[in-house]
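Participant: kindly return the folded structure for what I paste below:
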Amino acid sequence: MIETGDKAPEFELPSSDGTNVSLNGFRGRRVILYFYPKDNTPGCTKEACSFNDNLSRLKRNGVVVLGISADSVTSHQKFAAKYGLRFPLLSDESKEVLNAYGVWKKKSLYGRTFMGIERTTFLIDEDGRIRAIFPRVKVDGHTEEILAALKSF
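Facilitator: Residues are numbered from 1 along each chain as shown. Okay, the predicted model is just below:
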């Protein structure tokens with residue numbers, strides 16, 4: 001299980017912008033790494049649009065936003081285009097990164113159990129260390145919660 005202070009697991013994943021993105025490529029910058037269940041669903045859309053709407057405020061705080069789900073690059077491209085998202089969405093269809101960060105979990109809905117992504121955000125510092133973890137994120141107010149946490153490091 002990943003904890004605050006741990007080195008963030010490294011990864012390289014295909015992005016909605018057609019490139020491969022690695023966490024190492026952002027060394028020296030702070031990163032908001034958020035994991036979300038599925039493109040074009042109500043909660044995930046609201047979360048992505050909130051980050052997008054506040055992107056200039058987040059950038060003023062010296063951070064980069066990266067979203068990760070198990071959806072395909074094509075799905076991410078359509079989702080990003082539909083909502084004008086201005087940050088990369090990364091595709092982890094193999095679920096290797098989801099497992100490395102401990103967000104691929106057994107979930108239940110209406111009495112049915114299944115494996116899925118637990119909505120979680122990690123704040124990663126300039127040295128690649130995890131400075132804060134937000135598990136089981138409630139979308140409403142989450143961006144403000146992140147902005148407040150950024151002031152502590």
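Participant: hey, let's count contacts and neighbours off CA atoms from now on
Facilitator: OK.
Participant: residue 14 - that's part of a strand, no?
Facilitator: Yes: according to DSSP: H, G, I helix; E, B strand; the rest coil, residue 14 belongs to a strand.
Participant: which parts of this structure are strands?
Facilitator: 12-14, 20-22, 30-35, 63-69, 89-91, 104-109, 112-117, 120-124, 130-134 (DSSP state E).
Participant: using PDB, write out every CA atom in stretch 51-65.
Facilitator: C-alpha atoms of stretch 51-65 as PDB (Å, rounded to 0.1, in the frame of the first residue of the first chain):
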ATOM      1  CA  PHE A  51      -9.800  20.400 -12.900                       C
ATOM      2  CA  ASN A  52     -10.100  21.900 -16.400                       C
ATOM      3  CA  ASP A  53     -12.100  25.000 -15.200                       C
ATOM      4  CA  ASN A  54      -9.500  25.600 -12.500                       C
ATOM      5  CA  LEU A  55      -6.400  24.700 -14.600                       C
ATOM      6  CA  SER A  56      -5.000  28.300 -14.600                       C
ATOM      7  CA  ARG A  57      -5.300  28.400 -10.700                       C
ATOM      8  CA  LEU A  58      -3.600  25.000 -10.500                       C
ATOM      9  CA  LYS A  59      -0.800  26.000 -12.900                       C
ATOM     10  CA  ARG A  60      -0.200  29.200 -10.800                       C
ATOM     11  CA  ASN A  61       0.400  26.800  -7.900                       C
ATOM     12  CA  GLY A  62       3.100  25.100 -10.100                       C
ATOM     13  CA  VAL A  63       1.300  21.900 -10.700                       C
ATOM     14  CA  VAL A  64       0.600  19.600 -13.700                       C
ATOM     15  CA  VAL A  65      -2.700  17.700 -13.900                       C
END
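Participant: what residues sit buried inside it?
Facilitator: By 16 or more other CA atoms under 10 Å, the buried positions in stretch 51-65 come out as 51-52, 55, 58, 63-65.
Participant: what's the angle between the helix or strand of the chain with the lowest mean pLDDT and strand 63-69?
Facilitator: Least confident helix or strand, the chain: strand 104-109 with a mean of 89, by mean pLDDT, DSSP states H and E. Here strand 104-109 runs at an angle of 70 degrees relative to strand 63-69 (axes from the mean of the first three to the mean of the last three CA atoms, to 10 degrees).
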